[in-house]
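Trainee: Sequence below, structure please.
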Amino acid sequence: MTIAGSGRIKLIAIDIDYTLIGSDLTISDRTKQAIHAAMDAGSMVTLATGRMFRASVPFAEELDIDAPLITYDGALVKTAKTKELYWHKPIPLEDAKKILAYLKGLGFHVNVYVNDEIYVERLNEEARRYMAHVNVVARPVGNLLEFLNESPTKLLMMAEPEIVDKMLPELEQRFGAISHVARSLPSYIEFTGKGVTKGSALAELSKRLGIPKDQVMAIGDSENDISMLSYAGIGVAVSNAGDKVKEAADYVAGGISGDGVREAIYRFVLDS
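Mentor: Here you go, the predicted model:
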């Protein structure tokens with residue numbers, strides 16, 4: 001792929017978990033400085049994440065950005081400050097119930113996301129671990145199939161990484177005709193509506209903003225980032241990214257997480 005020349009990047013989409021932030025869940029001062037320098041140079045910075053909107057806003061507020069945030073892997077795009085909704089593309093209820101019934105039948109823990117809330121059957125170990133990671137309280141509702149009566153924005157299955165390794169191809173084959181199925185973190189498999197990805201969202205957003213793809217840079221680490229790295233004029237994988245992500249990238253940063261973001265910004269946006 002041809003990498004766009006320096007000074008041409010007008011839109012930067014940054015994944016949050018293990019790209020913008022590391023295991024300490026904080027944005028480093030050096031990363032903030034690089035992002036602010038890019039904004040001062042005229043680039044729009046947005047976040048592109050599998051996280052729910054409300055779990056993304058604190059990072060946008062910390063960075064003082066009000067660009068449309070790509071959340072739920074592209075299913076919900078909304079600005080952080082003004083709360084302007086660009087679009088919401090949930091999973092059709094009938095399709096969501098098919099996926100949910102199958103996962104429940106196999107005994108997996110599932111998060112269901114409706115109206116920017118997390119619903120779970122019970123507050124088990126998986127639910128508590130997820131709540132701690134995103135700093136949002138999940139709501140236990142008992143039987144999720146009986147509870148769910150409107151199209152959810154996303155479904156998320158949690159399992160041990162080796163089980164995810166085994167289940168991902170099967171779930172892609174079984175539900176790929178009705179849902180986009182992708183791994184985000186090692187123990188997460190995420191389900192969004194058919195064709196709903198970070199990449200499709202970034203493409204639609206850049207079109208609405210009038211920014212051609214060769215003026216877009218995307219930075220990520222996980223398999224659900226591959227679609228946006230493939231779309232962007234410059235797709236950057238941080239060094240802690242998986243092999244599939246690095247293969248899809250135009251450039252692999254030497255630094256991990258926020259250091260990789262900083263490196264990409266100084267190399268391709270600030271030309272220093």
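Trainee: And the helices in the stretch 1-150 of the chain?
Mentor: Listed in chain order, the helices found in the stretch 1-150 of the chain under DSSP state H, counting those that start in this stretch are 29-40, 53-63, 93-105, 125-134, 144-147.
Trainee: and the shortest one, which residues are buried?
Mentor: Read that as helix 144-147. Leu144, Phe147 (16 or more other C-beta atoms under 10 Å). Just so you know, the C-beta spots here come from the backbone N, C-alpha and C atoms, and that holds for glycine as well.
Trainee: Where do the strands of the stretch 101-250 of the chain begin and end?
Mentor: Ranges of strands within the stretch 101-250 of the chain are 109-114, 117-120, 139-140, 154-158, 179-183, 188-193, 216-220, 234-237, based on DSSP state E, counting those that start in this stretch.
Trainee: what's in contact with the third one?
Mentor: If I follow you right, that is strand 139-140. Residues external to strand 139-140 that are found in contact with it (C-beta atoms under 8 Å, 6 or more residues apart in numbering): Glu117, Ile118, Tyr119, Val120, Glu121, Arg122, Leu123, Ala127.
Trainee: tell me the two of those that are most distant?
Mentor: Using C-beta to C-beta, the two most remote members of the contacts of strand 139-140 are Glu117 and Arg122, lying 15.8 Å apart.
Trainee: Which one of these two is surrounded by more residues?
Mentor: Applying other C-beta atoms under 10 Å to Glu117 and Arg122 shows that Glu117 carries more neighbours, namely 14 against 11.
Trainee: May I have the beta-bridge partners of the more buried one?
Mentor: Counting by DSSP bridges, Glu117 is bridged to Val114.
Trainee: Would you quantify the distance from it to Ser28?
Mentor: Noted for Glu117: a distance of 30 Å to Ser28, by C-beta to C-beta, to the nearest Å.
Trainee: What of Ile256?
Mentor: On the measure of C-beta to C-beta, Ile256 and Ser28 end up 11 Å apart.
Trainee: likewise Asn111?
Mentor: Using C-beta to C-beta, Asn111 is found at 28 Å from Ser28.
Trainee: tell me the most buried of the strands of the stretch 101-250 of the chain?
Mentor: strand 216-220 (a mean of 31; mean count of other C-beta atoms under 10 Å).
Trainee: Averaged pLDDT, that strand. What do you get?
Mentor: Strand 216-220 shows an average pLDDT of 98 in the prediction.
Trainee: Give me the helices and strands touching it, please.
Mentor: If contacts are counted by 3 or more C-beta pairs under 8 Å, 6 or more residues apart in numbering; DSSP states H and E, strand 216-220 sits against strand 11-14, helix 198-209, helix 226-231, strand 234-237, helix 257-268.
Trainee: So what's the residue count around Asp225?
Mentor: Neighbour number of Asp225 under other C-beta under 10 Å is 35.
Trainee: so where's the stretch 151-272 of the chain shaky on pLDDT?
Mentor: By pLDDT under 70, the weakly predicted segments of the stretch 151-272 of the chain are 272.
Trainee: Break the chain down into its structural domains.
Mentor: The record's domain parsing of the chain by automatic domain parsing lists 11-88+197-268, 93-193.
Trainee: from the chain's centre, how far out does the first one sit?
Mentor: Here domain 11-88+197-268 is found 8 Å from its chain centre; the criterion is C-alpha atoms, centre = their mean, to the nearest Å.
Trainee: And the last one, by the same measure?
Mentor: Between the mean C-alpha point of domain 93-193 and the mean C-alpha point of its chain there is a distance of 15 Å (C-alpha atoms, centre = their mean).
Trainee: measure it end to end?
Mentor: End-to-end distance for domain 93-193: 10 Å, by C-alpha to C-alpha, to the nearest Å.
Trainee: who are the neighbours in contact with the residue nearest to the spatial centre of the chain?
Mentor: Geometric centre of the chain, nearest residue: Thr49, 2.1 Å, by C-alpha atoms, centre = their mean. Neighbouring residues of Thr49 by C-beta under 8 Å, 6+ apart: Asp15, Ile16, Asp17, Ser56, Leu69, Ile70, Thr71, Asp73.
Trainee: ditto for Thr82
Mentor: Asp66 are the contacts of Thr82 under C-beta under 8 Å, 6+ apart.
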